[in-house]
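Student: below: sequence and its predicted model.
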Amino acid sequence: MISVLVIAHAPLATALVNCTRHVFGELPKQFAALDVIPDEDPEAALEAARYLLARTNDGGGAVVFTDLYGATPARIATRLACLRQVAVISGVSLPMLVKALGRRRGADLPELVDLLIDAGRGAVIELGLEQYSQQGEDGSGRDDA
């Protein structure tokens, strides 16, 4: 089964895992987070990332998410991409993680990566008055006013 690792600026990785727990309840052991703290030695963070990847990956491959392309967490994640069956995606979001956990069982890694990128793009929408009036003022989906 494909494992999922989030590497991001502290405390974002852990916060995203906690949000995912809110959606799913119990989380699989193939899901982990690495918060990169300010001024952390990138080599030490890389070793921690390698450890987490080895602990969570049962041989089915891994998706490594990171927050900001070009930043230290992304550079660390990119160094994991040289490993067999590891894909790295920047721009992590909660919708992407929810999709990853829901679709990773029996998935093909390249197809899952495409699905996750599409999920991230599709979740970015502008909300405005039209959506508000469709929900109703109390957010219930009714507009009794």
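Tutor: The structure has been received and is ready for your questions. Numbers count the residues shown, from 1 in each chain.

Student: ok, which stretches of this protein are strands?
Tutor: 3-9, 31-36, 62-66, 86-90 (DSSP state E).

Student: pick the most buried one from the ones you listed.
Tutor: strand 62-66 (a mean of 27; mean count of other CB atoms under 10 Å). For the C-beta atoms, the positions are set from N, CA and C on the backbone; glycine is no exception.

Student: just the C-alphas of it, formatted as PDB.
Tutor: Only the C-alpha atoms of strand 62-66 are listed here, as PDB (Å, rounded to 0.1, in the frame of the first residue of the first chain):
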ATOM      1  CA  ALA A  62       5.200   6.500  -1.200                       C
ATOM      2  CA  VAL A  63       3.900  10.000  -1.900                       C
ATOM      3  CA  VAL A  64       5.800  12.700  -0.100                       C
ATOM      4  CA  PHE A  65       4.000  16.000   0.100                       C
ATOM      5  CA  THR A  66       5.700  19.300   0.900                       C
END
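
Student: what lies in contact with it?
Tutor: Applying CB atoms under 8 Å, 6 or more residues apart in numbering, the contact partners of strand 62-66 are 2-8, 49, 53, 56, 73-74, 76-77, 80-81, 85-90, 92, 96-97, 100, 104, 109, 112-113, 116.

Student: now Thr56: closest residue in space that isn't a chain neighbour?
Tutor: Counting by CB to CB, 6 or more residues apart in numbering, Ser3 is the residue found nearest to Thr56 once chain neighbours are left out, at 4.0 Å.

Student: contacts only, for the spatially closest residue to Asp35 that is not a sequence neighbour.
Tutor: Distances taken as CB to CB, 6+ apart put Ala10 closest to Asp35, at 3.6 Å, once the chain neighbours are dropped. For Ala10, the contact set (CB under 8 Å, 6+ apart) comprises Asp35, Val36, Ile37, Pro38.
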